[in-house]
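*Asks:* model the following, please.
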Amino acid sequence: MITRKNNSNIVLDDFSPKRRQKDLTYIPTESDNLETEVFLLTKADRYKKHWISLMGNELYCYKSKEDTQHLLMHSLTGTFISELPESGNGSSHSSQLYPLKIIFMPQKSRTLFFKSQTERAHWLQRLSEVTGQTNVFQYYSVEHSIGKGQFGQVKLATHKSTGQKVAVKMMAKANMKIVEAH
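*Replies:* Numbering: from 1, shown residues only. The predicted model follows:
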């Protein structure tokens with residue numbers, strides 16, 4: 001849960017879609033922070049340990065847990081989170097790492113490698129909540145294509161809990177401008 005200020009009132013938010021209102025300023029509490037050790041792939045194709053900390057909708061990266069000055073900070077506003085297949089790293093660390101890709105618009109990304117599937121799943125959930133990202137497949141069973149237009153395909157889908165049939169337009173984000181993606 002996040003504490004936020006709306007004018008002079010303090011409101012508690014449970015990461016609902018309503019929190020996306022632009023007039024709100026987030027004030028993360030200590031319990032909202034999430035931290036862990038991750039690996040980043042270097043230009044020399046080696047995995048290097050880093051410490052990351054999620055505070056509100058900002059992701060901070062440190063060289064180590066003891067550091068007080070961050071190396072970089074990413075605002076997660078307007079980003080997308082993508083789970084990638086596991087990767088063997090061939091180094092002295094565990095033989096398997098579990099990547100999670102944060103996609104920044106336009107055409108930039110950062111891949112974080114976690115030590116366990118459980119840890120990656122936890123971070124995927126939290127990052128998705130913070131970014132307001134949802135996946136159509138969480139709520140709908142997408143069936144066959146029923147049409148195609150200039151901006152994408154239209155597919156038949158069934159709502160998983162109600163059984164209602166709907167048309168879902170699916171568009172490739174790669175072909176969109178930054179303004180269109182929001």
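*Asks:* only C-alpha atoms for contact and neighbour calcs from this point on.
*Replies:* Fine.
*Asks:* give me the neighbour count for R126.
*Replies:* Neighbours of R126 under the rule other C-alpha atoms under 10 Å: 16.
*Asks:* specify the local secondary structure of it.
*Replies:* helix (DSSP: H, G, I helix; E, B strand; the rest coil).
*Asks:* burial count for K148?
*Replies:* As a burial measure, K148 scores 12 neighbours (other C-alpha under 10 Å).
*Asks:* just give me the residue right at the centre of this structure.
*Replies:* I81 (3.2 Å; C-alpha atoms, centre = their mean).
*Asks:* residues contacting the nearest residue to F104 once chain neighbours are set aside?
*Replies:* Nearest non-adjacent residue to F104, counting by C-alpha to C-alpha, 6 or more residues apart in numbering: T79, 4.9 Å away. Taking C-alpha atoms under 8 Å, 6 or more residues apart in numbering, we find T79 in contact with I102, I103, F104, M105, T131.
*Asks:* so which residues of this structure form helices?
*Replies:* Ranges of helices in the chain, per DSSP state H, are 117-131, 136-139.
*Asks:* mind putting the ones you listed into a markdown table with distance to S75 and mean pLDDT?
*Replies:* Shown next, in a markdown table, are these (distance: least, C-alpha to C-alpha, whole Å; pLDDT from 0 to 100):
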| stretch | distance to S75 | mean pLDDT |
| --- | --- | --- |
| helix 117-131 | 10 | 90 |
| helix 136-139 | 24 | 76 |
